[in-house]
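1. My questions concern the predicted model and sequence given below.
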Amino acid sequence: MAHTTDMAGQDTTPSEVPDVLAPDLRIVFVGINPGRVSAEARAHFANPRNDFWRLLHASRLTSRLYEPGEQFSLLEEGIGVTNAAYRTTPGSGDLRRADFAGSAERLERIARELRPRWLAFVGKEAYRGTFGTRPELGPQRETLGETNLFVLPSTSPANAAIPWHERLRWFSELAGRESALPERENVRAAVVDEQERILLLRYGDEYGRWWVTPGGGRERGEDDEQTLRRELEEEIGLVGFRLGPLLWELGGWTLDEPGFGSFLSRVYLVRVARFDLPHLTEAEEARWFPITELGSVSTRPLDLAERLSSASDS
């Protein structure tokens, strides 16, 4: 077993995979233990089917997509990585309780001496192995001094029960909370025609495509109706409509909106006759969807079909 020293000159790591640590980091990610692929590569989360590095970038925690071999460059982004247990095993199920001996004390020392703002456990088992209690996903009530604790879904390919979009939601929440940036108020419209179809706009990035209701951020001095009339005219050329009732309000954490760390969206019903769409300047595509067929479409929010169904029943 190798003994290595990280770039910042911290204590040696009794593992094939070195700790990536430095003082005053934004986040230190805590994996459960090295797998065989990581041990061979001497890099964290080195299995090419592990989503960790892609999730860092997709949630905007890093400015670009890093490769496992670039792990020490994460320090420049204010991010570190360690493991709850140091012993390499074929899978986390091969770990024994003794493998976590001293883990809590070691992480407490990291929190006390290096002062990261967050310790983020990549998987519930990393947290349970360390502290002996099974947590819920998300921020924890407990802290280590001034260091906050957060539990993420495992990014291992063995954790296939949790899909990409759910993993990304938790990584995005961590990114938003860590940023301490203000909340963005959005006002959106469920634009429904006489055939009970809803108009959605398609956006995407290198990690996927999704459909959303039209609308956008509320500007200073505007009320919801003023925001929606401005946004719908700009995005889809819709004017002169009658504003319907508020259907729902939804909040969350994300860095998707530059300068903001969270959002609060209010969605109103707008009933219209069919109209011709203008040339789109931001969205990739606009399309009418029968509400009854939305269950097979990737939307934001993911439960858009259920929300519309509940709103029509009320």
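-> Sure, I can see it.
2. what's stretch 214-222 in contact with?
-> The contact list for stretch 214-222 (CB atoms under 8 Å, 6 or more residues apart in numbering) reads 184-189, 191, 199-201, 224, 227-228, 230-232, 234-236, 238, 257, 265, 267. Yep, even glycine has a C-beta here, placed from its N, CA and C like the rest.
3. and these, which of them are in helices?
-> 224, 227-228, 230-232, 234-236 (DSSP state H).
4. Generate JSON lines for the residues you listed, with pLDDT as supplementary columns.
-> As requested, these are exported to JSON lines (pLDDT from 0 to 100):
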{"residue": "D224", "pLDDT": "97"}
{"residue": "T227", "pLDDT": "97"}
{"residue": "L228", "pLDDT": "97"}
{"residue": "R230", "pLDDT": "97"}
{"residue": "E231", "pLDDT": "95"}
{"residue": "L232", "pLDDT": "95"}
{"residue": "E234", "pLDDT": "92"}
{"residue": "E235", "pLDDT": "93"}
{"residue": "I236", "pLDDT": "93"}
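5. Now list the buried members of the residues you listed.
-> By neighbour count, with 16 or more other CB atoms under 10 Å, these hold 224, 227-228, 230-232, 235-236 as buried.
6. which residues does R128 contact?
-> By CB under 8 Å, 6+ apart, the contact list for R128 reads 134-135.
7. for it, helix, strand, or coil?
-> Secondary structure of R128, reduced to three states by DSSP: H, G, I helix; E, B strand; the rest coil: helix.
8. for the stretch 201-314 of the chain, what spans make up the helices?
-> Applying DSSP state H, counting those that start in this stretch to the stretch 201-314 of the chain gives helices spanning 224-236, 304-313.
9. Using CSV, lay out the ones you listed together with distance to E67.
-> Listed next are those as CSV, based on distance: least, CB to CB, whole Å:
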stretch, distance to E67
helix 224-236, 37
helix 304-313, 35
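10. Give me the pLDDT value at G237.
-> At G237, the pLDDT value in this model is 92.
11. count of residues packed around it?
-> By other CB atoms under 10 Å, the residues close to G237 number 13.
12. can you pull out the strands in the stretch 51-200 of the chain?
-> Taking DSSP state E, counting those that start in this stretch as the test, the strands found in the stretch 51-200 of the chain are 79-83, 118-122, 138-144, 147-152, 183-192, 197-205.
13. what about T62, distance to F29?
-> 11 Å (CB to CB, to the nearest Å).
14. Check E178 too.
-> 12 Å.
15. More neighbours: the two, which one.
-> Set side by side, E178 and F29 show more neighbours around F29, with 28 against 21, by other CB under 10 Å.
16. where does that one land in three-state SS?
-> With three-state DSSP as the criterion, F29 reads strand.
17. got the contact list for it?
-> Here F29 is in contact with 44, 52, 79-82, 120-122 (CB under 8 Å, 6+ apart).
18. And this protein, what are its domain boundaries?
-> 3-179, 183-313 (automatic domain parsing).
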